[in-house]
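Q: 3D model of this:
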Amino acid sequence: MSDTDITDKVRTIALSSLWILPNEVEVIARNGAVTLGGTVADRLTEQILVRMTGEIDGVVEVVSQLIHRMDESGYSQAGSA
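A: Residues are numbered from 1 along each chain as shown. Reported below is the predicted structural model:
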């Protein structure tokens, strides 16, 4: 599977399943290694997205550079240093 196919699958399967807007997460695939960047709601959403991405045929590695909008207490991290 090509990197373009992998990127498309991450966007259509994982992102649509988790109700993440396309402009919130950047997906870069190179030789089957996928890097996820951008912002998701919380750590659980990140973990699910990473797992779902890793289950896609052709993915050999998933690197998360995702930022969480909320910490584990449910408070927004927006504006924190």
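
Q: Show the contacting residues for Val34.
A: Ile6, Thr7, Val10, Val27, Ile28, Thr53, Val59, Glu61, Val62, Val63 (C-beta atoms under 8 Å, 6 or more residues apart in numbering). In this view, the C-beta of every residue, glycine as well, is placed from N, C-alpha and C.

Q: how about a cut-off of 7 Å?
A: Counting by C-beta atoms under 7 Å, 6 or more residues apart in numbering, Val34 touches Ile6, Val10, Val27, Thr53, Val59, Val62.

Q: where in this protein is pLDDT low?
A: 71-81 (pLDDT under 70).

Q: 50 instead?
A: Where the chain drops to pLDDT under 50, the residues are 81.

Q: And the helices in it?
A: 3-9, 16-17, 43-54 (DSSP state H).

Q: out of the contacts of Val34, which are buried?
A: Buried members of these, scored by 16 or more other C-beta atoms under 10 Å, are Ile6, Val10, Val27, Thr53, Val59, Val62.

Q: Which strand residues bridge the last one?
A: In other words, Val62. Beta-bridge partners recorded for Val62 (DSSP bridges): Val34.

Q: quick one: contacts for it?
A: Val34, Leu36, Val50, Thr53, Gly54 are the contacts of Val62 under C-beta under 7 Å, 6+ apart.

Q: if you set the cut-off to 10 Å instead, what comes out?
A: 10, 29, 32-36, 49-56 (C-beta atoms under 10 Å, 6 or more residues apart in numbering).

Q: which residues are contacting stretch 43-52?
A: 9-10, 13-15, 17-20, 25, 27, 34, 36, 39-40, 59, 62-64, 66-72.
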